[in-house]
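> next come a sequence and a model predicted from it.
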Amino acid sequence: MGGKEAVACVVYECVSVSVALQRVDMLRHCPLHRCLPIGVACRVLGFQTPPTSKHDLRKRFVQLTRECHPDLHADDEKAATAKMVQLTEAYTCLKELLEHRVQYHQGAGLRPRPSSASASGEGSAAARPHEDAWAEVAASFRAPGSSISLRGFTLPWQRTTSNSVISSLEAKMLEANVSFSDFVRYARHLEKDRQTKENRIHADAAMADGTHGFTSEYFESVNTNSAIRRGTERRGLPMTHLMTLGAFYYGRRLRNGIAQTPRTAWRTLRYVFLGH
């Protein structure tokens, strides 16, 4: 009996080790590279806003993993393992976000924002302790789901139809058989949409700090890069006076007619001399 009990004990230990290795392997091969959305990661770990301290993030992660460990939930081990994988993905996402904030804040040349009179006297956030600098950066972050879209911009996790509407209007204006009245209507509708967007940007300037690092400096750099790619900086919105639109519309038709003249002339000569 002693030998059988020893063999049974060894088999039990081998099975336990095998199960533990399977759990570790499952966590090791989970798709951590597929980072969760920031809002989802915050909800999984119980944060209202993205954490600004690696210590707080790790402390919360350790606390939740201890509560959700599969060894403590033998009745529903599969769900507990899935929860562990989700916690690991959320922890990885927010950890990478913290590292990205440090690199972006130090390497992108962002202007530091003084949090007090003494801080502004120092002239730079880099001269303050690391925690104080992070507290300043954290003040520019708002909870997920804030109304930053009112500024006329769309964040990666938000949907919009304005770009498709603008593209549709521009495509209709470039059609060869569009009438002048329709051209004017499309141009003025497009101008109205652009003017509304500009008004929202200026009206919401006080809330330009945004969420998750999409600050006013970020959107300013986006506009600057867009202007550089166009080769010119837009100084204002295009005019929609009737005379201006008429000159543009009929000038474009004239250019198209001149461009098609060789083709139409060849067709005329073929008809005169060849009869077809």
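Everything's here; your move.
> flag every buried residue along stretch 74-81.
Neighbour-count burial for stretch 74-81 flags A80, T81 (criterion: 16 or more other C-beta atoms under 10 Å). C-betas here are computed from N, CA, C, even on glycine.
> use 34 as the first number from now on
I'll keep to 34 as the first residue from here, and by that count the last item is stretch 107-114.
> the lengthiest helix in the chain packs against which elements?
Secondary structure assigned by DSSP state H gives helix 275-307 as the longest helix of the chain. Applying 3 or more C-beta pairs under 8 Å, 6 or more residues apart in numbering; DSSP states H and E, we find helix 275-307 packed against helix 213-236.
> for the helix it packs on, name the packing helices and strands.
If contacts are counted by 3+ C-beta pairs under 8 Å, 6+ apart, helix 213-236 sits against helix 195-206, helix 275-307.
> check whether K128 really touches L90, as I assumed.
Yes. Counting by C-beta atoms under 8 Å, K128 does reach L90; the two are 6.4 Å apart.
> more crowded one of the two?
L90 (20 against 16; other C-beta atoms under 10 Å).
> okay, and that one sits in which element?
Using DSSP states H and E, L90 sits in helix 87-100.
> check T85 too.
Counting by DSSP H and E, T85 is part of no helix or strand.
> burial count for the nearest residue to F213 once chain neighbours are set aside?
Leaving aside its chain neighbours, F213 sits nearest to Y282 (5.5 Å; criterion: C-beta to C-beta, 6 or more residues apart in numbering). Neighbour count for Y282, taken as other C-beta under 10 Å: 17.
> does Y282 touch F216 like I think?
Yes. The pair Y282 and F216 passes the contact test of C-beta under 8 Å, sitting 5.2 Å apart.
> quick check: buried residues in stretch 73-93?
V73, A74, C75, V77, L78, F80, P83, P84, T85, L90, R93.
> just flag the most distant two among these.
Farthest pair in the buried residues of stretch 73-93 (C-beta to C-beta) is V73 and T85. Separation: 18.7 Å.
> quick one: residues contacting M206.
Going by C-beta atoms under 8 Å, 6 or more residues apart in numbering, M206 touches F216, Y219, A220, L223.
> tally of neighbours for the first one?
Meaning F216. F216 has 19 nearby residues by other C-beta under 10 Å.
> list the contacts for it?
Shown in contact with F216 (C-beta under 8 Å, 6+ apart): M206, L278, Y282.
> re earlier: let me know which of the helices and strands packed on helix 213-236 is tucked in deepest.
Among the helices and strands packed on helix 213-236, helix 195-206 has the highest mean neighbour count (mean count of other C-beta atoms under 10 Å), at a mean of 13.
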